[in-house]
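Asker: take a look and give me a structure for this.
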Amino acid sequence: MTVKVVVIDRRKEDRDVIIKALNNDTAFDIIATGNSGKDAISLSKMHNPNLLILSSAIIDMDLISVVKRIMQQSPLPILIVDGGERKIEKKSKITQYGLVDWLEGTRIRNILSIPESGLITRSHILSKLNVSKFSKQLTHIHENHPHSTSRTMESITERRKRVQKLLDTKVPMKKGVVLHQVRKSSTDKDEIYKGTGRLNRIIVIGTSTGGPKLLNEFVPKLPPNLPPVILVQHMPEGFTEKFSERLNRTAKTQVKEAEHGEIITSGNVYVAPGGYHLEIVLNENNMPSIMLTDRPPVNFVKPSVDVTLMSALNIYGSGVISVILTGMGSDGKIGSIEVKKMGGTVLALHESDTDLYGMNRSVIESGVVDEILKKNQLTSGIVRALEGQLKGFNI
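Answerer: The predicted model follows:
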């Protein structure tokens, strides 16, 4: 299926670059263009595109207002081309409103001066768009069951090997070592985790498109005495610090952006920094610690849920709980399959509460999910998993 695209950019030269890049791939059909926020709202409603590419340089309306209006009247994925006009704080707020992704505009405006620019431009665009994300996921094309064909099985095996190879060739990011901060006291009356006495447990939560909005509701409900939580939200570098701070304001746990060398302890939620893979290793004192590595993307993303899950299994084994929420693609699928093989637990968000049914769909269809949960069941599902009380059925 062709991906119908509306392109909005105040600068004609930038608009032409985007159009040229998309025209290099027959999967894209540019059905309308405009140069203002009002154009973005009206053309999205008029044409019902599969994708809106929106420049942050629009000046007739506030960018947040444009995104909110579109999401209210005709929700669709929005790729914001950022020319550096907006502050990081404002970008972080925009991601709360749904299907929003970002592409650094400076890469686009300078790309045509590079030889073979058509191919390079396409590569830069698809690193964020990716036809499989915006075409297959948006039209709900069924991804083959991992056991259905030998070709699919080979693909899973190769992906597993790539992740393991990455883990075997670590390149840590040099950052200062910061120990965990003391968690907040609890006033939560909705869900209480009494503990099981088992220390070798860890919860890895993976999400992408639609994740920030969901996490703003879900994270504040987490009990304060949980085992450590690693949160992998697909975000560009520079976004996750502010995102962590915002979650921490309403959480009963301590929520912070993870730092290289940090010791992992209970009662804390560690957010994987954008632009780096988060791996779990043992430090010189045999303590579980965070290692941030600057390796190529896995599943087109960095941080990757698969990378974190695979490394967690090396330390925690059957004590890993994988929780896969909303988002494009299938990141987290390979790691969750391995979690199940090792005797761990896999939970997934129900389709009805999903902004984009991709990551959780791939895990559900792999047949390894212990329970499929509505968003208002996530906290209780995690607690029941920790206490060994999962009923083992899907709603």
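Asker: from here on, just use CA atoms for contacts and neighbour counts.
Answerer: OK.
Asker: the host helix or strand of residue 64: what's the following helix or strand?
Answerer: Here residue 64, judged by DSSP states H and E, is contained in helix 63-73. Downstream of helix 63-73, the next assigned helix or strand under DSSP H and E is strand 78-82.
Asker: so the helix holding residue 64 versus strand 78-82, what angle?
Answerer: For helix 63-73 against strand 78-82, the angle by axes from the mean of the first three to the mean of the last three C-alpha atoms, to 10 degrees is 170 degrees.
Asker: what's the mean pLDDT across helix 63-73?
Answerer: Averaging pLDDT along helix 63-73 gives 85.
Asker: so what does that helix touch, helix or strand wise?
Answerer: helix 37-47, helix 88-94 (3 or more C-alpha pairs under 8 Å, 6 or more residues apart in numbering; DSSP states H and E).
Asker: of those helices, which shows the lowest average pLDDT?
Answerer: Looking at the helices and strands packed on helix 63-73, the weakest mean confidence is helix 88-94, a mean of 58.
Asker: tell me which other helices or strands the strand or helix carrying residue 340 touches.
Answerer: Using DSSP H and E, residue 340 sits in helix 333-341. Contacts defined by 3+ C-alpha pairs under 8 Å, 6+ apart place helix 333-341 against helix 150-168, helix 305-316, strand 320-324, strand 345-349, helix 359-365.
Asker: how about that helix as CSV, C-alpha atoms only?
Answerer: Extracted in CSV, the C-alpha atoms of helix 333-341 (Å, rounded to 0.1, in the frame of the first residue of the first chain):
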residue,chain,number,x,y,z
LYS,A,333,10.3,-9.1,20.3
ILE,A,334,13.6,-11.0,20.2
GLY,A,335,14.5,-10.1,23.7
SER,A,336,11.1,-11.2,25.0
ILE,A,337,11.4,-14.5,23.2
GLU,A,338,14.7,-15.1,25.0
VAL,A,339,13.1,-14.0,28.3
LYS,A,340,10.5,-16.7,27.9
LYS,A,341,13.1,-19.3,27.0
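Asker: which one of the helices and strands packed on helix 333-341 has the poorest average confidence?
Answerer: Mean pLDDT, when computed for each of those, is lowest for helix 150-168, at a mean of 57.
Asker: okay, now the domains of the protein?
Answerer: With domains defined by automatic domain parsing, the chain comprises 3-137, 155-386.
Asker: out of those, deepest packed?
Answerer: domain 155-386 (a mean of 21; mean count of other C-alpha atoms under 10 Å).
Asker: pLDDT below threshold where in the stretch 101-250 of the chain?
Answerer: In the predicted model of the stretch 101-250 of the chain, residues 101-199 satisfy pLDDT under 70.
Asker: confirm that residue 203 sits in a strand.
Answerer: Yes: per DSSP: H, G, I helix; E, B strand; the rest coil, residue 203 lies within a strand segment.
Asker: which ones are touching it?
Answerer: For residue 203, the contacting residues are 227-230, 320-323, by C-alpha atoms under 8 Å, 6 or more residues apart in numbering.
Asker: ok, of those, which one's closest to residue 286?
Answerer: The shortest approach to residue 286 among the contacts of residue 203 belongs to residue 228, at 16.4 Å (C-alpha to C-alpha).
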